[in-house]
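> Have a look; sequence and predicted model below, questions after that.
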Amino acid sequence: MEAEQKHVTGLYDRLDGMRALAEQRLSGSLEATGGTPQARSQRESAVAMYTEQLAQLSAVESGLCFGRLDPEEGAPLYIGRIGIFDEEGDYEPLLLDWRAPASRPFYLATAADPLGIRRRRHIRSKGRTVVALDDEVLDLSAAAGSGTREGLAGEAALLSAVDASRTGRMRDIVETIQAEQDRIIRADLGGVLVVQGGPGTGKTAVALHRAAYLLYTHRRELSSRAVLVVGPNPTFLRYISHVLPSLAETGVLLWTLGDLFPGVTARGQEPERVAEIKGRAVLVDVLAAAIADRQELPTEPITVEVDQETLTIDSALVSAARDRARRSGRPHNQAREVFETAVVEGLVAQMAELIGTDPYADDPLGEGDAPGDPMLMGAADLADIRAEFENDQGVRAALDALWPPLTPQRLLRELFSTPGRLAAARVAADGTELLTLAETAALSRPANAPWTPADAPLLDEAAEQLGDLPDAQDAAQRYADRVRRSELAYAEGALEIARGSASIDVEDEDDPELLLITDLLDASRLAERQEEALRLSAAERAARDRRWAFGHVIVDEAQELSPMAWRVLMRRSPNRSMTVVGDIAQTGDPAGAASWSEVFEPYVAQRWKLAELSVNYRTPSEVMSLAGEVLARIDPDAKPPQSVRSTGRPPVRGRLAELGGVLAAEAAALGDGRLAVIAPAARLDALADEVRAALPELAVAVGDEPDLESPVAVLTARQSKGLEFDAVVVADPDAIETESPRGLNDLYVALTRATQRLTVLR
Ligand SMILES: Nc1ncnc2c1ncn2[C@@H]1O[C@H](COP(=O)(O)OP(=O)(O)OP(=O)(O)O)[C@@H](O)[C@H]1O
């Protein structure tokens, strides 16, 4: 232990040294001022880099070094959260990053297959002090006598981790990753990998460690394209948000479905039934019908006055223009140009007919301009007229009414708040009924209703089908021009100064008239240019860009996603490099998946890989056997995951009337752990009041975004998905079961949240 302490202390000294250096460089960059714009941009990048470096070095403080491998030959290898090298010596590794290939035997070596390793040691520390060493001798004869279970790596450290009290924040598992998990974490980057596993098998943990592993192994590729992790709700994302930083990885985007459409943070609530309808694949056609409905025919001919002539935009003209625009195959907003041209051409023809035809049919002047003769106007005259129409207020108003430029937000807002539009979108162009009357009625809502998570995929789909507004294209173009101009100005400025300085005498140096490069670029332009071009990380740029293609997309609780949600995610992952983790038996959302092949068939056919996790690290076997009864009712063929431990405490069953007493006993046993009461949504508020009354001393979290770090939380089963607590009281399980179409799955989730004790009150 003393020897290990010495090595660990040495590593912390190095860490301190690295931190001091980063700090010094950071403050150096912060203090420096002035200089050329280029120097300033470089400084800003340096500030960002050192800040991140410092954050990473601070994040690995706890458990910096946690393992040691003694190979059959050669020096021992120490395994930790980051790699540290002997920079003064010959760059020997003092600490191996857990993701480095050489660290792998730490997770995979077994007595039966020791991978050249004689001994694996788990080093457990408190702060910087080594408190315990757990050794495993990877030798069949030694293992037989040691009582360790074959298949578990570092069993003592593992059991200590799974038994520890919960804090309301998920912890990393880097010290005790098991072999079946390691294989998933280190699987190849490409392709769709689906990880199916029962509750508590570490799917979330594995998904996050995989993100860290992929960023380490494919740094160059992924840091420019960013990694996206999608989770079910903001509370869950907060719960997992500390894991990646503790693995020294920042810059991974953690999003809910409601964050997927740039510029909209969709947090509104709506009935589950409505969200289910919005999630159906048929909504693609509903949106197409809704857009077609915005390409209207005038009910009455529209008259426009131009140059004292009265012209008519009638149904026949619009219908022909609309056909032409639709046939162009362009999305709505881009096809508008085709529509506009066709209508304007129709008007030009009318005008030409009116003023270009000689009214004197008998051709008294003998100039050959009798009716039927070619028009008198030349191409230039026609172009003038066309331009006049294009800019005419009346014509533009008519065009905007008949083929309005639409943002996704406007399309959806007006669709859901206008019964007539909903009715039109219900039926496809070929007459197919897409939704029933009752379903469309359910979608109806006021125009000012907040965006809900189920709206986000619809906004994205609408954006696809509508195409960019011409303005947006202009804006992008303007922006590109601006960047080019400022670069040009910068280059010109640099030249100017270079030329100027050639003729500057020493005496001139303080001349206030002297042109400085900073004078050439105004501050705002400079700031803009630098921010956009240099400071924004890939993750930040990805968050602003609907067409961003992520380097890798990880989806957690993936069973809950609707077909429409999958469409967006597939658009964000055009290379189909994805890790999808979930459990079909826990699908609670009526829009969610019933099978993985159903989800992936449309996108990758059979070309997705399935990996399964079989060991439950969360729920003790006593609790799991009760939950197993519910699982058998969901799917008689499903096998519950095997619990890694037993506690000797079977779940307690009681009456709801005993809630007060049960809570008092749980609170007394809780220590610094966490307790959850999981209840039907309909009773949540009433129960929360009872819990508060029973536990006046403790903070009780309840509501849309409960603070999981409070000692007690009152949650619906759906809210509890993905979370865990030391003790769980499930109140009124029958009501949870009957409350929604997939209520049995919700109950299964509720029963599998406890790491220690479960009480079920009827
Ligand atoms: N190898 C491991 N070492 C230590 N703890 C582990 C390990 N694997 C999983 N755990 C712990 O088990 C618990 C469950 O893990 P996680 O939440 O990732 O499971 P899950 O499969 O996502 O569960 P669910 O489907 O119920 O959401 C967590 O506390 C996690 O830290």
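Everything's here; your move. Numbers count the residues shown, from 1 in each chain.
> Please make it C-alpha for all contacts and neighbour counts, starting now.
Noted.
> Which residues of the chain lie near the ligand?
158, 161-162, 171, 173, 176-178, 198-205, 617-618, 721-722 (Cα under 6 Å from any ligand atom).
> which of those residues count as buried?
158, 162, 171, 173, 176-178, 198-205, 617-618, 721-722 (16 or more other Cα atoms under 10 Å).
> how many other residues sit next to residue 257?
25 (other Cα atoms under 10 Å).
> I figured it was touching residue 565, is that so?
Yes: at 7.3 Å, residue 257 counts as touching residue 565 under the criterion of Cα atoms under 8 Å.
> what residues are shared contacts of these two?
In terms of Cα atoms under 8 Å, 6 or more residues apart in numbering, residue 257 and residue 565 are both contacted by the residues 454, 457.
> The residue in the stretch 401-550 of the chain positioned nearest to the ligand - nearest residue in space that isn't next to it in sequence?
Residue of the stretch 401-550 of the chain nearest the ligand, by Cα to the nearest ligand atom: residue 453 (20.2 Å). Using Cα to Cα, 6 or more residues apart in numbering and skipping the chain neighbours, the partner closest in space to residue 453 is residue 258 (4.2 Å).
> For that neighbour, grab the count of nearby residues.
Counted with other Cα under 10 Å, the neighbours of residue 258 add up to 24.
> Likewise for residue 163?
18.
> show me what contacts it?
755, 756.
> If I look at the residue nearest to residue 576 when sequence neighbours are not counted, what pLDDT would I see?
In space, and not counting its chain neighbours, residue 576 is closest to residue 191: 5.5 Å by Cα to Cα, 6+ apart. For residue 191, the pLDDT comes out at 93.
> same check, this time on residue 223
For residue 223, pLDDT reads 83.
> ok, the residue of the stretch 401-550 of the chain closest to the ligand to residue 701 distance?
Look at residue 453 and residue 701: by Cα to Cα, to the nearest Å, they are 23 Å apart.
> Show the contacting residues for the residue of the stretch 401-550 of the chain closest to the ligand.
257, 258, 259, 266, 267, 268, 269.
> Which pair of those spans the longest distance?
259 and 269 (14.4 Å; Cα to Cα).
> and the two? which has more neighbours close in?
Set residue 259 next to residue 269 and count neighbours by other Cα under 10 Å: residue 259 wins out with 20 against 14.
> my read: that one touches residue 253, true?
No: using Cα under 8 Å, residue 259 is not in contact with residue 253; the gap is 10.3 Å.
> quick one: low-confidence ranges for the stretch 451-600 of the chain?
Along the stretch 451-600 of the chain, segments meeting pLDDT under 70 span 471-536.
> residue boundaries of the helices in it?
For the stretch 451-600 of the chain, the helices defined by DSSP state H, counting those that start in this stretch cover 455-466, 470-502, 517-520, 523-530, 538-544, 563-572, 596-604.
> Tell me the helix or strand right after the last one.
Right, helix 596-604. Counting by DSSP states H and E, the element after helix 596-604 in chain order, helix or strand, is strand 608-613.
> Show me which positions of that following strand end up buried.
Residues of strand 608-613 classed as buried by neighbour count (16+ other Cα under 10 Å): 608, 612, 613.
> Output the contacting helices and strands for whichever strand or helix holds residue 213.
Residue 213 belongs to helix 203-217 when assigned by DSSP H and E. Helix 203-217 sits against helix 179-185, strand 192-197, helix 219-225, helix 243-246, strand 578-582, with contacts defined as 3 or more Cα pairs under 8 Å, 6 or more residues apart in numbering; DSSP states H and E.
> Save those as TSV, and put in distance to residue 542 and mean neighbour count too.
Shown next, in TSV, are the helices and strands packed on helix 203-217 (distance: least, Cα to Cα, whole Å; neighbours: other Cα atoms under 10 Å):
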stretch	distance to residue 542	mean neighbour count
helix 179-185	24	21
strand 192-197	21	22
helix 219-225	8	15
helix 243-246	19	21
strand 578-582	16	25
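> possible to save those as a markdown table with distance to residue 715?
As requested, the helices and strands packed on helix 203-217 are exported to a markdown table (distance: least, Cα to Cα, whole Å):
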| stretch | distance to residue 715 |
| --- | --- |
| helix 179-185 | 29 |
| strand 192-197 | 23 |
| helix 219-225 | 36 |
| helix 243-246 | 23 |
| strand 578-582 | 21 |
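> Out of the ones you listed, which is closest to residue 684?
strand 578-582 (26.3 Å).
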